[in-house]
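Student: give me the fold of what follows.
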Amino acid sequence: MTTTTLAVLVPLLPFLGAVAGLLLGRTAPGFVRPLAVLPTLAAFALAVVVAVRQGGDQAVDAATELTPTGSVPIELALHIDGFAALVAVLVGLVASCVQIYSTGYLRDDPRYPSYAALVSLFTSAMLLVVYSGDLIVLLVGWEIMGICSYFLVGHYWETPEARAASIKAFLVTKLGDVPFLIGLFALATDAGSFRITKVLGAVASGSLDHPTLIALLLLAGVAGKSAQFPLHTWLPDAMAGPTPVSALIHAATMVTAGVYFIARLLPVFQASSAAMVVLAVMAAVTMAGSGLAALAQDDIKRVLAYSTIGQLGYMTGALAVGDRGAAVFHLLSHGAFKALLFLAAGVVIHASGTNSLAAMSRMKDLRARVPDAYWTMTVALLALIAIPPFSGFFSKEAVLGAAEHVATGHTEHAPGIAGWIVLVAGLVSAVLTAAYATRLWLLAFRGRGIEAPDHGRQPFTMTAVLWVLAVPSLALGLAYGPLPDWFDGRDLTPVLTTSVLGTGLALVGVIVTYGAWQHTSTLAAQVPLGAVAAHPDADAGLVEAEAIASHAPAYGDVAYTPDPADPGRLLLGPLHRHAAVGFHLDAVYTALFVRPVQAAAALVQFLDREVVDTYVRGAAALPRWLGEAVRRAQTGNVQTYVSALLAGTVVLVVAALLVATGA
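Tutor: Sure, this is the predicted structure:
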């Protein structure tokens, strides 16, 4: 079987599994789990075969015209280079782990059949984006992922949080998709084709007439899909969906699509220095802002969500300095350890018995309760912090090294200012990443929170997947050595300067956070648990009446409150309350967009009701009044009719005489 045929089957198998799962979900529920897991596993195996055959050599290209358009043709095309081959393997691996994990995590969920089918469709759409050689076909996969995210984030639609999060995710990403679509059409018009290879050829020959405008329009779509500033606000709220969905979205689909798209078309962006600087600024603000916000979150999944936003900032930063090899390398390693982090968090939540206990300030002594999650999450957090020899160290240092090369003028792939912006922001983010990751580990596994009831050992399908993902989280970073051909032949060996700086700053973040935790723990230990809220170093906002009423035991006459030993509050100080709400960006959007739209809608409703409806009602009332008048004239009395006839005749005669006299 040819490589092209195998590549076609990779996105096709999950799609067929999704269709079959939807059709058989009610009539044959016993087939739902096999139809969810087996096609995805098969697609993963075929993606590995395609990657081995491609081998990082010349790209595999194939195309057939889908339909004549009269202008720019649309083609069903494949373009599989080293990046596409490796990213498809990542998507297949994470999707397979998510499907296997979900059989245990959602084993009692009545909507599991539709959930599993949507996950398969989500996977198929991302694989279509990865392998597509035509921008319109890529757009189809892009939009399918958008609608799948809407349904999956809103899986628990009974809760208002899930409904609001799904709508927000859909609308914010669509806000970016509108300029993205315009940019695609403008790009195809300048290049004369939607084929990626022809577009890149047009860029090389200097045929793009509006490179800056096109790049900025495309960046809007990337900011939406990949949750970059300022369109990142949907991603933390998307944690209202099932935890396995969060793992899939954050590690292998949706948010990685935008980064992968820029990597595919990086020469288009490099054709405009202004676009590269804008990309660098977007990455820098995203990295720093998300790190501060993550340090202030209490919900474990929101911490990981802001972490994803920041790590995507590293990827876009690598692209801003013209190094797509470093960007895709970090995409791969991040996909492995972030999937592990979310799935391990799911085990923690599952052990607590309810999503309401995802708050880290309420967790207590979970090391013994969930040993698999404890050890594997520790591995993933070390990879996230970028401690050698874990995978995140090598991929993050590749990004920082690329930025340092551009900043010091060793390469002209991007403006020097872009290199400095990315380098400084990346080093600052290294400290923040270490701080919030250490805080998460301390609060989740060494906290003083609520002793949750023991819900028994987690299903084997959940814990086994954690150890599978722990392997690439530990060892994938070493791929820079044996797999250089898959990364454009780019030497991804860590640079001494940035390695020392990055690792040193990360260790500073770890030590300072641990010291802050020790300090706050000492203060908390001096105060009875029931009196925590009254302690001067405790934030009264920690006291949540509903949580206390439903979960907290009583200590004397005072109810138990969450653990105040939170180093994030000490480290951020007065900035904490602003960082906890994402620096009020949602409030800004509400003031600038939501309220004006609501006011305009209210005005339109008023005009429709009081003006338009008045005319409609008047048009109906006038004939009714005339009919009423005519009806009253029909008395049935002959004498009345004759009198009226004579009166009319007299009037006509008088009028005629007046006219004649006047003449």
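Student: from the chain's centre, how far out does stretch 435-446 sit?
Tutor: Offset of stretch 435-446 from its chain centre (Cα atoms, centre = their mean, to the nearest Å): 24 Å.
Student: list the buried residues of it.
Tutor: 435-445 (16 or more other Cβ atoms under 10 Å). In this view, the C-beta of every residue, glycine as well, is placed from N, C-alpha and C.
Student: likewise for stretch 363-375?
Tutor: For stretch 363-375, a neighbour-count test (16+ other Cβ under 10 Å) marks 363-364, 366, 369-370, 372-374 as buried.
Student: inside helices: which ones of those?
Tutor: Of the positions in the buried residues of stretch 363-375, 366, 369, 372-374 sit in helices, assigned by DSSP state H.
Student: the residues you listed into a markdown table, with extra columns for distance to residue 464?
Tutor: Formatted as a markdown table, those follow (distance: Cβ to Cβ, whole Å):
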| residue | distance to residue 464 |
| --- | --- |
| 366 | 19 |
| 369 | 18 |
| 372 | 9 |
| 373 | 12 |
| 374 | 16 |
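Student: now do residue 372 against residue 463, distance only.
Tutor: 4 Å (Cβ to Cβ, to the nearest Å).
Student: list the contacts for residue 398?
Tutor: Residue 398 makes contact with 318, 323, 325-326, 329-330, 480, 492, 494, according to Cβ atoms under 8 Å, 6 or more residues apart in numbering.
Student: sorry, that was for residue 318
Tutor: Neighbouring residues of residue 318 by Cβ under 8 Å, 6+ apart: 324, 326-327, 330, 398-399, 402-403, 422.
Student: three-state assignment of residue 493?
Tutor: Per DSSP: H, G, I helix; E, B strand; the rest coil, the local secondary structure of residue 493 is coil.
Student: ok so, going back, quick check: the farthest pair among the ones in helices among the buried residues of stretch 363-375?
Tutor: By the measure Cβ to Cβ, 366 and 372 form the most distant pair in these, at 11.4 Å.
Student: which residues of the stretch 101-250 of the chain fall in strands?
Tutor: Using DSSP state E, counting those that start in this stretch, no strands are found in the stretch 101-250 of the chain.
Student: how about the chain?
Tutor: Assigned by DSSP state E, the chain shows strands spanning 60-67, 74-80, 554-555, 558-559.
Student: and the second one, how far from the chain's centre?
Tutor: By that I understand strand 74-80. Chain-centre distance of strand 74-80: 26 Å, with Cα atoms, centre = their mean.
Student: which residues touch that strand?
Tutor: So strand 74-80 is contacted by 3-4, 7-8, 50, 54, 59-67, 88, 131-134, 136-137, 194-197 (Cβ under 8 Å, 6+ apart).
Student: and the pLDDT for the nearest residue to residue 329 once chain neighbours are set aside?
Tutor: Once flanking residues are discounted, residue 329 sits nearest to residue 395: 4.7 Å by Cβ to Cβ, 6 or more residues apart in numbering. Residue 395 is assigned 92 on the pLDDT scale.
Student: tell me where the model's unsure across the chain.
Tutor: 352-357, 449-456, 480-484, 489, 524-564, 633, 663 (pLDDT under 70).
Student: go again with 50.
Tutor: 356-357, 529-562 (pLDDT under 50).
Student: quick one: residue 35 and residue 123, what's the gap?
Tutor: Applying Cβ to Cβ, the value for residue 35 to residue 123 is 13 Å.
Student: check residue 320 too.
Tutor: Residue 320 is 29 Å from residue 123, where distance means Cβ to Cβ.
Student: could you do residue 91 as well?
Tutor: Counting by Cβ to Cβ, the separation of residue 91 from residue 123 is 7 Å.
Student: which residues do those two both contact?
Tutor: In contact with both residue 91 and residue 123: residue 253, using Cβ under 8 Å, 6+ apart.
Student: how about residue 209, nearest residue that isn't a chain neighbour?
Tutor: residue 190 (5.2 Å).
Student: that neighbour contacts residue 213, doesn't it?
Tutor: No. Judged on Cβ atoms under 8 Å, residue 190 makes no contact with residue 213 at a distance of 9.9 Å.
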